[in-house]
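A.B. asks: Next comes the sequence, and after it the predicted model I'd like to discuss.
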Amino acid sequence: MPTVLNTVVCAVLCFTMWTFVNCTVFTAMSHLEESVKIEIKLVDVLREYISTEERRLGELKRFSEVSTKATDAAFKNTDDFLANPVNGFLLIKRLHVNWRNIVNGSSKAANRNYEDLLSKLSKYREHIPNDMDLQGAARALLRLQDVYNVDTQEFIDGSIKGYNTTPLAGEDCFDLGRAAYLVDDHYHADIWLRAALQQLKKESEERNVDTDQKVAKTLDYLAFSHYRAGNLRKALNLSRELLKQEPTNPRVLKNIKNYEREIERKELETLEVLEDTENMSRPPSSYLANREQYEALCRGERESPLTPVEIRELKCHYVTNGNGMLILQPAKQEVVNYDPRVVVYHDVISDKEISQIITLAKPRLHRSLVVDHATKGASNADYRISSSGWLEDHHTPLGPKLARRVSYITGLSTLSGPADRHAESWQIVNYGLGGQYEPHFDHSVDDSRLDVHLPGSRNRIATWMFYLSEVKAGGYTVFPEANCFVPPVKNGAVFWYNLRPSGESDALTRHAGCPVLIGSKWVANKWIHEKGNEFNRLCGLHRDEI
């Protein structure tokens with residue numbers, strides 16, 4: 001008969017062995033909101049199962065008490081006990097009927113309960129995060145640690161830049177280190193596996209729990225991570241430490257001999273003693289050439305102070321743009337950068353409108369993709385972590401209404417119908433755990449494919465982006481080449497031209513969406529094209545005109 005523990009373990013194993021459809025939970029906070037609801041339902045299912053099992057076990061307990069009372073009496077004086085024919089009858093009855101019923105009946109009841117548990121859990125099968133989500137969520141924390149200079153101990157203690165979070169246990173630190181190890185990120189693997197060792201030791205001392213197996217597993221990963229990173233001496237020393245935990249482990253013994261031979265060979269080749277490198281250096285980015293400047297801007301730190309000329313240009317205005325629709329309520333414009341000219345408009349979308357947009361967008365969200373320049377196709381990328389969806393004009397009257405508002409403020413045509421195609425439909429984006437979009441251009445910089453985003457409409461002349469949510473920390477829009485950062489302000493929008501008045505690409509408009517540290521970031525993008533705006537933004541007299 002399966003025990004309750006075995007039953008629950010089997011259920012969990014079956015649950016985790018499913019092939020899950022969902023593998024993008026970490027890419028959008030809206031997906032994580034659904035995960036919270038799913039876990040609430042799963043807990044309810046588990047509580048119901050436990051309650052049913054407790055009733056079944058209660059019946060077993062009562063039978064056990066009756067049987068114990070009878071056996072106690074029989075044990076005191078077996079002859080006197082069996083001298084009573086009723087006792088003899090009840091003994092036979094218990095052994096022949098009651099015990100058989102207990103074995104068969106309880107087993108069947110346990111199986112029914114177990115099958116019922118699996119059946120109810122299976123309803124939520126496609127909504128459960130998979131290993132890809134776990135790895136993505138772990139790498140998100142590592143990304144936030146780097147960009148915002150978050151100390152490892154802050155994560156462990158549950159206080160990130162003044163915001164309270166859930167403290168991390170030793171096992172959590174191990175999972176973060178393992179996630180880094182699996183993608184050959186040995187810099188972060190070293191940081192978090194060493195943190196795991198410290199936490200496991202602390203937990204063992206403070207709570208008097210046995211963490212030896214977890215410590216051994218952590219040392220094993222840490223040693224091999226250093227080996228793969230080329231730090232042979234460190235790998236050897238860690239393996240010797242692991243051997244103290246598992247003195248007869250044949251694989252560890254073999255690794256130690258291999259490391260010793262390889263160290264000896266390298267020392268003979270180089271005539272130098274291989275040292276134990278304590279700390280690894282953060283490897284360079286394969287995608288970001290100016291990573292330090294980008295990350296500094298994400299933290300609100302400029303590489304160099306603004307010049308007096310730039311400061312004079314950063315002003316706030318009430319603007320009507322010569323449009324009668326704005327006379328009674330001019331747009332609140334804040335110039336945040338001179339070249340390229342980046343402006344923020346405040347209070348240009350209401351909470352009610354935001355709520356409608358997000359509600360409509362949620363069922364349309366899919367993981368955001370990037371263009372693979374080698375294949376010209378679309379693919380996932382770690383440098384873009386978000387989910388996005390498109391709102392066409394026919395989805396809601398609010399779409400064209402907001403587009404007209406953008407047109408009034410910018411003076412550009414934002415018509416997106418099939419007969420016009422002056423602008424693209426609204427793209428709604430929700431950023432996930434550590435959600436970001438590293439530096440990129442919105443417009444095409446390939447002269448042979450200028451209309452790649454909207455065929456027949458030429459290039460994206462300008463970008464308008466509504467901020468639809470309050471982000472407590474992080475999530476800035478930054479322009480590394482322009483030394484500019486824009487904090488997300490709910491109900492506001494940021495606007496800039498991607499092309500110079502000459503029609504040429506503006507290299508300074510390369511921008512990024514920084515990782516979200518605390519909060520959920522929603523934005524709505526409207527990309528406006530050259531077609532239909534030939535006379536709305538005239539060509540300048542000089543090539544470098546802003």
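C.D. replies: Done, it's in. Residues are numbered from 1 along each chain as shown.
A.B. asks: only C-alpha atoms for contact and neighbour calcs from this point on.
C.D. replies: OK.
A.B. asks: Would you state the helices of the stretch 101-250 of the chain in chain order?
C.D. replies: For the stretch 101-250 of the chain, the helices defined by DSSP state H, counting those that start in this stretch cover 131-147, 152-157, 170-182, 186-207, 212-228, 232-245, 250-270.
A.B. asks: what comes up buried for the third one?
C.D. replies: In other words, helix 170-182. Buried residues in helix 170-182, counted by 16 or more other C-alpha atoms under 10 Å: 170-181.
A.B. asks: So which residue of this structure lies furthest out from the middle?
C.D. replies: Ala83 (73.2 Å; C-alpha atoms, centre = their mean).
A.B. asks: residue ranges with poor pLDDT in this structure?
C.D. replies: The model of the chain has pLDDT under 70 over residues 1-23, 84, 86, 89-90, 93, 96-97, 103, 371-379, 543.
A.B. asks: longest single helix anywhere in it?
C.D. replies: helix 29-76 (DSSP state H).
A.B. asks: helix or strand right after that helix?
C.D. replies: Per DSSP states H and E, the first helix or strand lying C-terminal to helix 29-76 is helix 78-83.
A.B. asks: Output the contacting helices and strands for that following helix.
C.D. replies: Packing contacts for helix 78-83, counted by 3 or more C-alpha pairs under 8 Å, 6 or more residues apart in numbering; DSSP states H and E, involve helix 29-76, helix 85-93.
A.B. asks: now for those, which one comes closest to Leu391?
C.D. replies: helix 29-76 (16.6 Å; C-alpha to C-alpha).
A.B. asks: any idea which residue sits dead centre in the chain?
C.D. replies: Leu433 (3.0 Å).
A.B. asks: and the helix or strand harbouring that one, which strands flank it?
C.D. replies: Using DSSP H and E, Leu433 maps to strand 426-440. In the sheet, strand 426-440 lines up against strand 384-391 (antiparallel), strand 511-513 (antiparallel), strand 522-529 (antiparallel) (DSSP bridges).
A.B. asks: Tabulate those strands in JSON lines, adding columns for mean neighbour count and distance to Val273.
C.D. replies: Putting these into JSON lines (neighbours: other C-alpha atoms under 10 Å; distance: least, C-alpha to C-alpha, whole Å) gives the following:
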{"stretch": "strand 384-391", "mean neighbour count": "23", "distance to Val273": "43"}
{"stretch": "strand 511-513", "mean neighbour count": "24", "distance to Val273": "45"}
{"stretch": "strand 522-529", "mean neighbour count": "25", "distance to Val273": "54"}
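A.B. asks: Among those, which comes closest to Met280?
C.D. replies: Proximity to Met280 (C-alpha to C-alpha) singles out strand 384-391 among the strands paired with strand 426-440, at 26.2 Å.
A.B. asks: from the chain's centre, how far out does the closest one sit?
C.D. replies: Its chain's average C-alpha position is 14 Å from that of strand 384-391, according to C-alpha atoms, centre = their mean, to the nearest Å.
A.B. asks: now the helix or strand just after it, how far from the centre of its chain.
C.D. replies: Once strand 384-391 ends, the next helix or strand along the chain (criterion: DSSP H and E) is helix 398-410. Using C-alpha atoms, centre = their mean, the mean C-alpha position of helix 398-410 is found 33 Å from that of the whole chain.
A.B. asks: elements contacting helix 398-410?
C.D. replies: Helix 398-410 packs on no helix or strand, going by 3+ C-alpha pairs under 8 Å, 6+ apart.
A.B. asks: Can you point out the buried residues in it?
C.D. replies: For helix 398-410, the neighbour count (16+ other C-alpha under 10 Å) marks 399-400, 402-410 as buried.
A.B. asks: How many neighbouring residues does the residue nearest to Asn113 when sequence neighbours are not counted have?
C.D. replies: Of all residues not flanking Asn113 in the chain, Tyr49 sits nearest, at 6.7 Å (C-alpha to C-alpha, 6 or more residues apart in numbering). If you count neighbours by other C-alpha atoms under 10 Å, Tyr49 ends up with 17.
A.B. asks: just checking, Tyr49 touches Leu117?
C.D. replies: Yes. Between Tyr49 and Leu117 there is a contact under C-alpha atoms under 8 Å: 6.4 Å.
A.B. asks: Kindly provide the distance from Val336 to Gly300.
C.D. replies: Val336 is 13 Å from Gly300, where distance means C-alpha to C-alpha, to the nearest Å.
A.B. asks: Who has more neighbours out of the two?
C.D. replies: Neighbour count, other C-alpha under 10 Å: between Val336 and Gly300, Val336 has more, with 21 against 16.
A.B. asks: how close does that one sit to Gly417?
C.D. replies: With C-alpha to C-alpha as the criterion, Val336 and Gly417 are 32 Å apart.
A.B. asks: List the buried residues for stretch 439-446?
C.D. replies: Within stretch 439-446, the residues that count as buried by 16+ other C-alpha under 10 Å are 439, 441-444.
A.B. asks: quick one, which of the helices and strands packed on helix 78-83 is nearest to Gly105?
C.D. replies: helix 29-76 (10.0 Å).
A.B. asks: hmm, back to that, the residue nearest to the centre of the chain against Arg139, yeah?
C.D. replies: No. The pair Leu433 / Arg139 is not scored as a contact, 9.1 Å apart, by C-alpha under 8 Å.
A.B. asks: Distance to Ile428 for the strands paired with strand 426-440 - can I get that in a markdown table?
C.D. replies: Putting those into a markdown table (distance: least, C-alpha to C-alpha, whole Å) gives the following:
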| stretch | distance to Ile428 |
| --- | --- |
| strand 384-391 | 5 |
| strand 511-513 | 14 |
| strand 522-529 | 4 |
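A.B. asks: Out of those, which is closest to Lys332?
C.D. replies: strand 522-529 (18.8 Å).
A.B. asks: Report the distance from the closest one to the chain centre.
C.D. replies: The chain centre lies 23 Å from the centre of strand 522-529; the measure is C-alpha atoms, centre = their mean.
A.B. asks: Alpha carbons of stretch 223-241, as PDB, please.
C.D. replies: Output of stretch 223-241 as PDB, limited to C-alpha atoms (Å, rounded to 0.1, in the frame of the first residue of the first chain):
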ATOM      1  CA  ALA A 223      35.100  22.500  -9.100                       C
ATOM      2  CA  PHE A 224      34.100  21.600 -12.600                       C
ATOM      3  CA  SER A 225      33.100  25.200 -13.400                       C
ATOM      4  CA  HIS A 226      36.600  26.300 -12.500                       C
ATOM      5  CA  TYR A 227      38.000  23.500 -14.600                       C
ATOM      6  CA  ARG A 228      36.000  24.500 -17.600                       C
ATOM      7  CA  ALA A 229      37.100  28.100 -17.000                       C
ATOM      8  CA  GLY A 230      40.700  27.000 -17.200                       C
ATOM      9  CA  ASN A 231      41.500  27.500 -13.500                       C
ATOM     10  CA  LEU A 232      43.000  24.000 -12.900                       C
ATOM     11  CA  ARG A 233      44.600  24.700  -9.500                       C
ATOM     12  CA  LYS A 234      41.300  26.000  -8.100                       C
ATOM     13  CA  ALA A 235      39.500  22.900  -9.600                       C
ATOM     14  CA  LEU A 236      42.000  20.600  -7.900                       C
ATOM     15  CA  ASN A 237      41.700  22.300  -4.500                       C
ATOM     16  CA  LEU A 238      37.900  22.200  -4.600                       C
ATOM     17  CA  SER A 239      38.000  18.500  -5.600                       C
ATOM     18  CA  ARG A 240      40.200  17.700  -2.700                       C
ATOM     19  CA  GLU A 241      37.800  19.500  -0.400                       C
END
